[in-house]
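# Need coordinates for the following:
(one chain, ligands or ions: 3)
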Amino acid sequence: MKRQRLVIAGSGSTYTMGMMMSLIEEKERFPLKELVFYDIDAKRQERTAKATEILFKERYPELTSFSYTTDKKEAFKDADFVFVQIRTGGLAMREQDEQISLKHGVVGQETCGPGGMAYGLRSIRDMIELVKDIRRHSPNAWILNYTNPAAIVAEALKREFPTDTRLLNICDMPIAIMISYAKILGLDVWELVPEYFGLNHFGWFTKIYDKSGTDHTERLKQLIIHNGFKPEDKEIANDKSWQETFAMARQMLIDFPEFLPNTYLQYYLYPDKMAAKENPNRTRARQVIEGRQKRIHDLCDEIIQNGTAAGADLHVDIHGVFMIKAAESLAYNLSKRFIVMVENRGIISNLPADAMVEVPALLTSNGAQPFVVGAIPTFYKGLLESQFAYEKLVVDAYFEKSYQKLLQALTLNRTVINVSTAKAVLDDLIAANKEYWPDLK
Ligand SMILES: NC(=O)c1ccc[n+]([C@@H]2O[C@H](COP(=O)([O-])OP(=O)(O)OC[C@H]3O[C@@H](n4cnc5c(N)ncnc54)[C@H](O)[C@@H]3O)[C@@H](O)[C@H]2O)c1
Ligand SMILES: O=P(O)(O)OC[C@H]1O[C@H](O[C@H]2[C@H](O)[C@@H](O)[C@@H](O)O[C@@H]2CO)[C@H](O)[C@@H](O)[C@@H]1O
Ligand SMILES: [Mn+2]
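Residues are numbered from 1 along each chain as shown. Ligands and ions are numbered 1, 2, ... in the order given. Predicted coordinates for the structure are as follows:
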């Protein structure tokens with residue numbers, strides 16, 4: 001079995017230690033010959049890198065080559081896989097996005113509404129540069145991108161690199177939801193076979209089968225409506241914000257019982273309620289800074305100080321395992337089924353061919369082989385067309401440096417709609433993002 005040279009771009013991420021535990025868990029199925037960390041923030045990277053060095057000495061001694069660098073050439077030369085998990089502007093800018101939106105009475109969220117738009121305009125520039133750098137040194141490496149907002153990033157990368165067939169955008173939300181389905185049904189998550197359609201963070205499960213072909217969809221819906229819905233992945237199971245988010249799946253199912261919703265739809269279906277329940281002084285970014293980020297930093301410091309990872313509260317998470325299992329399937333032509341982002345090209349027959357849709361696909365050494373979805377009902381078509389138009393306009397605005405396109409985008413977005421609100425929130429976001437956004441005309 002070929003061993004892989006894997007690069008983690010954005011290795012100072014709060015997800016890196018979970019990813020390292022998942023690499024250990026998957027080492028027989030996705031064996032590494034070399035692991036390289038790359039980040040633009042040397043200090044932030046050093047913390048996760050030093051902790052990883054100690055962890056791997058103890059739990060992955062077979063991997064003898066681990067390094068970390070801020071040098072792109074050193075990082076990206078001869079890569080087989082690059083996992084990309086960057087956050088342009090950091091959590092500080094995420095907090096700005098959320099607070100500015102809430103100040104204007106609209107949803108303040110990482111990937112939805114004006115916050116997602118602001119983050120998208122920051123991510124596009126860095127992602128294009130990063131993919132160019134990776135391709136300069138490793139023309140054939142698989143790039144697995146999960147940098148957010150993935151829908152906008154995927155649309156921009158498709159336009160900038162239209163012939164790149166080894167670039168896959170991927171999100172863990174569907175599989176995280178499926179862990180909760182599996183728990184309700186008393187099955188293992190990897191036994192479930194989902195049917196799903198949508199855009200990233202904007203989609204629905206139409207069927208949940210198991211591998212024997214049994215259809216669990218209607219029973220699952222009834223169980224959620226009667227007993228509620230909660231997160232089960234260890235990383236988020238006890239997180240109040242994620243508990244509230246998962247609980248909203250029940251309301252969405254009561255209101256629209258046809259399909260099982262992605263949790264992110266709560267922001268588009270009940271935007272006023274979502275905006276009203278937030279505390280502008282403690283948005284999700286602040287919770288993450290004081291929660292996940294602090295926990296991970298303390299954990300790394302503890303490992304470094306003790307010189308051992310024994311006893312450290314590290315665990316495998318679905319985020320890491322999912323990305324690695326997807327990589328395994330691409331690397332070894334396993335044809336396993338994952339929900340990923342691909343260009344529509346008729347998969348959803350009544351949506352635009354150029355939309356980056358999220359659907360089940362078999363991952364092979366020739367890339368994602370998506371399943372046909374067919375025509376979707378009017379309600380979902382309408383919602384998706386408007387959301388796709390919004391995403392497209394944001395990417396147009398980036399390339400054309402157009403204020404007008406951004407105003408159109410926010411006017412279409414279900415979390416805003418009102419033009420005067422769109423103008424006001426846009427003015428504040430432009431001021432906050434001077435360092436990151438293109439100069440708008
Ligand atoms: N698609 C998904 O389902 C999914 C799931 C989890 C996280 N994410 C995304 O993963 C990313 C990381 O999230 P996080 O909360 O851990 O953020 P974080 O801020 O903790 O980590 C991001 C890291 O990227 C580095 N970075 C920023 N710009 C860079 C660049 N141009 N080149 C290299 N490194 C750069 C930062 O220094 C930092 O160490 C975010 O984009 C987040 O939205 C996506
Ligand atoms: O608000 P955050 O920063 O806690 O999470 C934002 C991300 O949420 C989804 O991802 C994952 C999560 O990151 C992971 O740890 C797992 O356990 O569950 C979540 C899904 O419930 C989302 O898919 C990402 O795109 C967001 O960045
Ligand atoms: Mn996601």
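
# Check which residues of stretch 135-151 are buried.
Going by neighbour count (16 or more other C-beta atoms under 10 Å), the buried part of stretch 135-151 is 135, 137-138, 141-151. For glycine as for every other residue, the C-beta is placed from the backbone atoms N, C-alpha and C.

# biggest separation within those, which pair?
His137 and Ala151 (27.6 Å; C-beta to C-beta).

# Distance check, the residue most central in space within the chain against ligand 3.
The centroid of the chain falls nearest to Cys171 when counting by C-alpha atoms, centre = their mean (3.8 Å). Note on Cys171: its distance to ligand 3, by C-beta to the ion, to the nearest Å, is 3 Å.

# Can you give the contact residues for whichever strand or helix holds Val394?
Assignment of secondary structure by DSSP states H and E places Val394 within helix 378-400. With C-beta atoms under 8 Å, 6 or more residues apart in numbering as the test, helix 378-400 has contacts from 117, 120-121, 124-125, 151-152, 155-156, 159, 197-199, 202, 204, 256, 259, 268, 348, 350-352, 355-356, 376, 402-403, 405-406, 408-410, 412-414, 438, 440-441.

# picking that back up, quick one: the residue nearest to the centre of the chain and Glu358 touch, right?
Yes. Using C-beta atoms under 8 Å, Cys171 makes contact with Glu358 at a distance of 7.0 Å.

# residues shared between the contacts of these two?
Going by C-beta under 8 Å, 6+ apart, residues that sit against Cys171 and also against Glu358 are Asn200, Ile339, Met341.

# which of the residues you listed tops the neighbour count?
Scoring the shared contacts of Cys171 and Glu358 on neighbours with other C-beta atoms under 10 Å, the highest-scoring entry is Asn200 at 30 neighbours.

# Not including adjacent chain positions, what is the nearest residue to that one?
Leaving aside its chain neighbours, Asn200 sits nearest to Ala151 (3.9 Å; criterion: C-beta to C-beta, 6 or more residues apart in numbering).

# Tyr209 now?
Using C-beta to C-beta, 6+ apart, the nearest residue to Tyr209 is Val193, at 4.3 Å.

# For Gln85, give me its contacts.
Contacts of Gln85 by C-beta under 8 Å, 6+ apart are Ile8, Ala9, Gly10, Ser13, Tyr15, Thr16, Tyr146, Thr147.

# Backbone torsions only: list them for the third one.
Right, Gly10. Torsion angles at Gly10 (phi, psi; degrees, to the nearest 10) stand at phi 90, psi 40.

# quick one: which of the contacts of helix 378-400 sit in helices?
Among the contacts of helix 378-400, the residues falling in helices (DSSP state H) are 117, 120-121, 124-125, 151-152, 155-156, 159, 268, 403, 405-406, 408-410, 412.

# if we can go back for a sec, show the contacting residues for the residue nearest to the centre of the chain.
Cys171 is in contact with Tyr146, Ala150, Asn200, His201, Ile339, Met341, Glu358, counting by C-beta under 8 Å, 6+ apart.

# Can you give me the neighbour number for Leu121?
Neighbours of Leu121 using other C-beta under 10 Å come to 25.

# no no, Thr206
Thr206, neighbours per other C-beta under 10 Å, totals 16.

# element containing it, please.
Per DSSP H and E: strand 202-210 holds Thr206.

# which bits of the protein sit near ligand 3?
Cys171, Met173 (C-beta under 5 Å from the ion).

# which bits of the chain sit near ligand 2?
110, 148, 171-173, 176, 233, 235-236, 284, 288, 317-319 (C-beta under 6 Å from any ligand atom).

# Neighbour-wise, give me the winner out of those residues.
Going by other C-beta under 10 Å, Cys171 tops these with 26 neighbours.

# Please, where are all the strands along the stretch 101-250 of the chain?
142-145, 167-169, 192-199, 202-210 (DSSP state E, counting those that start in this stretch).

# Those strands into a markdown table, with extra columns for distance to Thr245?
What follows is these, written out as a markdown table (distance: least, C-beta to C-beta, whole Å):
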| stretch | distance to Thr245 |
| --- | --- |
| strand 142-145 | 23 |
| strand 167-169 | 22 |
| strand 192-199 | 17 |
| strand 202-210 | 15 |
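
# Mind putting those into a markdown table with distance to Arg94 and mean pLDDT?
Output for the strands of the stretch 101-250 of the chain, formatted as a markdown table (distance: least, C-beta to C-beta, whole Å; pLDDT from 0 to 100):
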| stretch | distance to Arg94 | mean pLDDT |
| --- | --- | --- |
| strand 142-145 | 18 | 98 |
| strand 167-169 | 19 | 98 |
| strand 192-199 | 21 | 98 |
| strand 202-210 | 19 | 99 |
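
# Take those and lay them out in a markdown table including distance to ligand 1.
Converted to a markdown table, the strands of the stretch 101-250 of the chain look like this (distance: least, C-beta to the nearest ligand atom, whole Å):
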| stretch | distance to ligand 1 |
| --- | --- |
| strand 142-145 | 8 |
| strand 167-169 | 8 |
| strand 192-199 | 13 |
| strand 202-210 | 13 |
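
# Tell me how many other residues crowd Asn306.
Asn306: 12 neighbours (other C-beta under 10 Å).

# Now do the contacts for it.
Applying C-beta under 8 Å, 6+ apart to Asn306 gives no contacts.

# Can you give me the distance of it to Lys381?
For Asn306, the distance to Lys381 (C-beta to C-beta, to the nearest Å) stands at 56 Å.

# same thing with Thr165?
Counting by C-beta to C-beta - Thr165 and Lys381 are separated by 28 Å.

# ok, these two, which is more surrounded?
Per other C-beta under 10 Å, whichever of Thr165 and Lys381 has more neighbours is Lys381, with 14 against 11.

# Neighbours of Lys441, how many?
Around Lys441 there are 8 residues (other C-beta under 10 Å).

# In contact with it, which residues?
Counting by C-beta under 8 Å, 6+ apart, Lys441 makes contact with Glu400, Lys401, Ser402, Tyr403.
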